[in-house]
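>>> Mind looking at a prediction? Sequence and model below.
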Amino acid sequence: MPVFTFQGTNSAGEKVQGERAAENKQVLRAALARERIQANVIREKGGKALNFRIGGGSVNAKEAAVFFRQFSVMIDAGLPLVQCLEILASNQQNQFFKECLMGVRTSVEGGSTLANAMRAYPKVFDDLTTNMIEAGETGGILDIILQRISQYVEKAVKMRAAIKSALVYPVSVIVIALLVVGALLKFVVPIFANLFVGLGVDLPASTKFVIGLSDFVSHFWWLIFLSVGILYAVLKFVRTTPDGLYATDKILLNLPVFGAVLRKIAVARFTRTLGTLISSGVPILDGLAITARTAGNAVLERALMGVRKSIEEGRTIVDPLRECGVFPNMVTQMIGVGEATGAMDNMLQKVADFYEDEVDAATKDMLALMEPMLISFLGVAVGGIVISLYMPLFSMIAKLSG
């Protein structure tokens, strides 16, 4: 996305200048008009807007959490906004993040609000962040909002790290099992096959199967990797279409054991995000739209957009949530109580805390269930190959002893 510099006047007649990222000059002019800025000069600046996102790419989530926490402390101490951004940018070791913050500082110094300045970098500061900051600027509680954002990022990082660490063991066992089986089929089985040919032994069906599988792996190993690559490419292409993305996400949510964990993760993320937005002063309709876009699951996104449409038609939030069939009854009932008592933000945060603990417990249960299954798979695969290779020898020894 190209970056433009602009000069103009605001509604008070004051001169305003800065730089923004936009698709073209017309889009930027319209965005400035919504901010009551009359753009007199717009020029394209050399270079492109930074293409990365908080929590991934060139700016990791830990850096983002530290930035927002330091930002909130400085604002609470009474430092001017431009000075805060300048200090944070100068102390930033990540060069990409530093350039982004300097761009935000320039826009703010030119008269833009902090939220609109951050919107110039949509892949760095997402809708959730900019809408919360806009609400904080409007309500005069920017320091509190920045602190909430840092807490939200830290909790998201903690949950993501727990899930990744839980997957290390099963993935390692599966990789080791495949390597061991592959080594047996590639190097050990052919030795026994040549021995059986020399002895002229009648082979049982299991031994013939193992030798045939070994021949296939030895001559067509490339076909296995090609098939995996094609399958990955097909799945990736399918997930680029809305219907394909929805279908694959629905299959994942309905998987045994693993699907239950994914559903709890989705519920925890939904309640945490929506609760943070509502407590920050973002309207419920905007909060649902932002939560849907950041849900990370097409099934949940479609359900939340349906809930949002129902609320626009005058319904309460409870019935649409219950009718979509995605959320557990406990979640909808607690949200209903929160809506009735006017404390839905607190209720959502409590539900998020509960389901984050549920994710930890469910992950441990899944590992406890997968551990014997993986060991059994490894034992059956390796043991089956070994037994199949030794069965002809046992048969020959029995005949000779007889």
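Sure thing, it's come through. All figures in this text were calculated on a predicted structure; none of them were measured in a lab. Residues are numbered from 1 along each chain as shown.

>>> contacts, neighbours, all on C-alpha from now
Will do.

>>> Residue 306 versus residue 247, what's the distance?
17 Å (Cα to Cα, to the nearest Å).

>>> Those two: which has the busier surroundings?
residue 306 (18 against 15; other Cα atoms under 10 Å).

>>> any idea of the pLDDT on the more buried one?
Here the pLDDT value assigned to residue 306 is 90.

>>> isn't there a helix covering it?
Yes: the assignment for residue 306 by DSSP: H, G, I helix; E, B strand; the rest coil puts it in a helix.

>>> Nearest residue to it in space, ignoring adjacent ones along the chain?
residue 320 (7.5 Å; Cα to Cα, 6 or more residues apart in numbering).

>>> Run through the residues that contact that neighbour.
306-307, 310 (Cα atoms under 8 Å, 6 or more residues apart in numbering).

>>> Where does the spatially most central residue of the chain sit: helix, strand or coil?
Residue closest to the mean C-alpha point of the chain, counted by Cα atoms, centre = their mean, is residue 296 at 5.8 Å. When classified by three-state DSSP, residue 296 comes out as coil.

>>> quick one: it from residue 12, how far?
Here residue 296 is placed at a distance of 42 Å from residue 12 (Cα to Cα).

>>> And residue 132, by the same measure?
Distance from residue 132 to residue 12, by Cα to Cα: 26 Å.

>>> Please apply the same query to residue 107.
18 Å.

>>> Where does pLDDT dip in the protein?
Where the chain drops to pLDDT under 70, the residues are 1-2, 21-24, 26, 34, 45-58, 402.

>>> State which helix of it is the longest.
What stands out as the longest helix in the chain, according to DSSP state H, is helix 344-401.

>>> on that earlier part again, remind me which helix or strand the residue nearest to residue 306 belongs to.
helix 318-323 (DSSP states H and E).

>>> Of all the residues in the helix or strand that that helix is followed by, which ones are buried?
Per DSSP H and E, the first helix or strand lying C-terminal to helix 318-323 is helix 329-341. When burial is assessed from 16 or more other Cα atoms under 10 Å, helix 329-341 yields the following buried residues: 331-332, 334-336, 338-339.

>>> Make TSV from the residues you listed and add distance to residue 171 to it.
Output for these, formatted as TSV (distance: Cα to Cα, whole Å):
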residue	distance to residue 171
331	32
332	35
334	37
335	37
336	40
338	41
339	42
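
>>> and which of those residues is nearest to residue 218?
residue 331 (53.7 Å; Cα to Cα).

>>> how many other residues sit next to the closest residue to that closest one other than its chain neighbours?
Nearest in space to residue 331, with sequence neighbours left out and distances taken as Cα to Cα, 6+ apart, is residue 351 at 6.9 Å. As a burial measure, residue 351 scores 23 neighbours (other Cα under 10 Å).

>>> Could you report the separation of residue 351 from residue 197?
67 Å.

>>> again with residue 287
From residue 287 to residue 197 the distance is 72 Å (Cα to Cα).

>>> Please identify which of the two sits among more neighbours.
More crowded of residue 287 and residue 197, by other Cα under 10 Å: residue 287, with 23 against 11.

>>> isn't there a strand covering the more buried one?
No: applying three-state DSSP, one finds residue 287 to be helix, outside a strand.

>>> quick one: contacts for it?
Per Cα under 8 Å, 6+ apart, neighbours of residue 287: 274, 277-278.

>>> of all the residues you listed, which comes closest to residue 96?
Nearest member of the contacts of residue 287 to residue 96, counting by Cα to Cα, is residue 277, at 27.4 Å.

>>> tally of neighbours for residue 221?
14.

>>> Provide the secondary structure category for it.
Applying three-state DSSP: residue 221 is helix.

>>> The chain should start at 632 in everything you say after this.
Okay, using 632 as the starting number, the last item reads as residue 852.

>>> do you know how far it is from residue 807?
17 Å.

>>> What is the neighbour count of the closest residue to residue 960 other than its chain neighbours?
Nearest residue to residue 960, sequence neighbours excluded (Cα to Cα, 6+ apart): residue 953, at 7.1 Å. By the measure other Cα under 10 Å, the count of residues near residue 953 is 16.

>>> my guess is residue 953 contacts residue 961, does it?
No: counting by Cα atoms under 8 Å, residue 953 does not reach residue 961; the two are 10.0 Å apart.

>>> my guess is residue 761 meets residue 751, correct?
No: counting by Cα under 8 Å, residue 761 does not reach residue 751; the two are 10.2 Å apart.

>>> Looking at these two, which is more packed in?
residue 751 (23 against 18).

>>> Check the gap between that one and residue 716 for me.
15 Å.

>>> can I see the domain layout of the protein?
633-756, 785-1033 (automatic domain parsing).

>>> tell me the phi and psi of residue 637?
phi -140, psi 160 (degrees, to the nearest 10).

>>> The closest residue to it other than its chain neighbours: neighbour count?
When the adjacent residues along the chain are set aside, residue 637 lies closest to residue 673, with 4.4 Å between them (Cα to Cα, 6+ apart). Number of residues near residue 673 (other Cα under 10 Å) recorded here: 19.

>>> just residue 790 next, same as before
Neighbours around residue 790, by other Cα under 10 Å: 17.

>>> Give me the distance between it and residue 987.
7 Å.

>>> and if you look at residue 1022?
Taking Cα to Cα, one finds residue 1022 at 51 Å from residue 987.

>>> So for those two, which sits in the more crowded spot?
residue 987 (22 against 15).

>>> quick one: contacts for the more buried one?
With Cα under 8 Å, 6+ apart, residue 987 has these contacts: 790, 895-896, 899.

>>> do that again at 6 Å, thanks
residue 899 (Cα atoms under 6 Å, 6 or more residues apart in numbering).

>>> how about the strands in this protein?
633-640, 646-652, 669-679 (DSSP state E).
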